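Q: dropping the sequence and predicted coords here.
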Amino acid sequence: MHRIKSIEWLGNTVRLIDQTKLPTEELYIETDSLDVLADAIIKLKVRGAPALGVAAAYGIVLGTQKNISSSKEKFFQSFENSAALIARTRPTAKNLFWALERMRTVLRQNKDNDTATLFEKLKHEALALHVEDEVMCLAIGNHGAELVPMNATIITHCNTGALATGGIGTAQAVITTAHEQKKNIRVFADETRPLLQGARLTVWELQKAGVDVTLICDNTAAFVMQKNKIDLVIVGADRIAANGDTANKIGTYNLAVIAQKHGVPFYIAAPTSTIDSSLQNGKEIPIEERSADEVVNGFGKQTAPSGVKVFSPAFDVTPNEFISAIITEKGILRPPFVHSIASIL
Ligand code: MRU
C-alpha cells in the first residue's frame, strides 16, 4: 500500500502534506523557507511528536542552507537563529528539542570544517534521523502487536499514524501491524477535540489501511467500555518523564482513568526520543496552550458566545500508575518505569 509521507526532503526543499486540510483535500506544501516550515508547525500542518522531530531537523537544514556561502560566523549564527525559531514553535513534544540537540552535536563535532562541509553533515544527519524514525516505527509496531490479542477491540486517541511520524506511526503502527497479522481487530477512534485529529486523520488513515474503525466523540469512550469488551487502549506520547508520567493529546488522561476503572490495559507507544530523562515526573513537562479560537471557532462555525473565557491545553499528563506498559523501539517497558526507563537509556 502507498504510504502517505508526512514530510519529505526533496533535494533542497521540504515537502509536507497540509494536515489541516485533511480529510477532504490532499494538499502539499513545498518550501525552502524555514519561516514557512515554522509557521506550518505552529498551525499543525505538520504535527505529531516524531514528525516534529523530523521537521525540526529539516528546519535546521533550510535555515543554514541560505548561508553556505557566508562566513563561518554567519553560518553558525544562522544555525542558532534557526534553532531558536524552531524551539519557539511548540513546547511539549520532546522529539523537536531532541532533534535540535542532535543537529547541534553534529555542528559542534564538525566545527573546524568549512561551511559547505558543515552543511552537508547537517543535511546528512537530518536524513539519517528521518530514516531512523522509519525503522523505529516498524520496531514499535512489531513489539506492540505482541500485546494485541486475536479479535481485539481497541480504543485510540488523537493521531499516531504515518501522518504523525516519519514512518508508519507509533500507537497506530501497533494497530496496523496487528491488522496485517490478521488479528481481526476493531478500533474505536476518539474524535479528539478541539482539532479532531482522531476524526480527520486517524479515521482517514485506518480506512485506507482497511482497518475496521468506528468514530466516537471523546465523551463516548466510557460508555463504549461499559457496553463492549475493550481489550486495550493504546495512544502515543509527546513527552515521557523519567518516572513514566506521559504527556499526550488532551483527553488522554480521561481515557486512562476510565480504562483503569474498567480493567482495560492502557498502553503508550513512543520512541525513546520522546523520553525526557531530565524530568523526574510529569509535573515538570511544559504544556502548550492553544488559542481560544480553535475551541469556539474551530472549523469556520462559531460554537460559543463571543468573548467567552476558554482554557485550551493541547496536552495533559497521565500519571504512571495508569499506564500498563510503554512500547518503545527497544522493547516493552513495564512498571516500575523509573527502573525500566533507566535501563534502556
Ligand atoms: O497537537 P498534535 O496533533 O501534535 O498532538 C499529537 C499527539 O498528541 C500525538 O498523540 C503524539 O504526538 C504522538 S504522535 C505519534
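A: That came in fine, so what should we check first?

Q: surely N67 touches A116?
A: No - using CB atoms under 8 Å, N67 makes no contact with A116, being 10.7 Å away. For every residue, glycine as well, the C-beta is placed using N, CA and C.

Q: between these two, who's got more neighbours?
A: N67 (21 against 11; other CB atoms under 10 Å).

Q: phi first, then psi, for E8.
A: When quoted as degrees, to the nearest 10, the phi and psi of E8 stand at phi -150, psi 140.

Q: hey, what's it bridged with?
A: Note on E8: beta-bridge partners by DSSP bridges are R15.

Q: contacting residues for it?
A: Contact analysis of E8 by CB atoms under 8 Å, 6 or more residues apart in numbering lists 14-16.

Q: so who does A171 touch?
A: Each residue near A171 by CB under 8 Å, 6+ apart is listed here: 144, 156, 160, 234-236, 267-269.

Q: rerun at 10 Å
A: By CB atoms under 10 Å, 6 or more residues apart in numbering, the contact list for A171 reads 140-141, 144, 154, 156-161, 164, 202, 233-237, 248, 267-270, 327.

Q: now, those residues that are in helices?
A: Cross-referencing these against helices under DSSP state H gives 140-141, 144.

Q: output the residues you listed in CSV; the columns should cover pLDDT.
A: CSV is the format used below for the ones in helices among the contacts of A171 (pLDDT from 0 to 100):
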residue, pLDDT
I140, 98
G141, 98
G144, 98
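
Q: adding neighbour count and distance to the ligand, write the contacts of E8 out as JSON lines.
A: Listed next are the contacts of E8 as JSON lines, based on neighbours: other CB atoms under 10 Å; distance: CB to the nearest ligand atom, whole Å:
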{"residue": "V14", "neighbour count": "25", "distance to the ligand": "17"}
{"residue": "R15", "neighbour count": "15", "distance to the ligand": "19"}
{"residue": "L16", "neighbour count": "25", "distance to the ligand": "13"}
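
Q: got the ones in helices among the contacts of A171 as CSV, with distance to the ligand columns?
A: Conversion of these to CSV gives the following (distance: CB to the nearest ligand atom, whole Å):
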residue, distance to the ligand
I140, 9
G141, 12
G144, 12
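
Q: count of residues packed around the residue of the stretch 151-300 of the chain found nearest the ligand?
A: Here the stretch 151-300 of the chain gets closest to the ligand at one residue, G236, 2.7 Å apart by CB to the nearest ligand atom. Using other CB under 10 Å, G236 is surrounded by 31 other residues.

Q: tell me the pLDDT of it.
A: For G236, the pLDDT comes out at 98.

Q: name all residues that make contact with it.
A: Counted by CB under 10 Å, 6+ apart, G236 has contacts 48-50, 140, 156-161, 164-165, 169-174, 246, 248-249, 252, 268-271, 274.

Q: how about a cut-off of 6 Å?
A: 160, 170-171, 248, 270 (CB atoms under 6 Å, 6 or more residues apart in numbering).

Q: out of the residues you listed, which touch the ligand?
A: For the ligand, the contacts drawn from these by CB under 6 Å from any ligand atom are 160, 170, 248.
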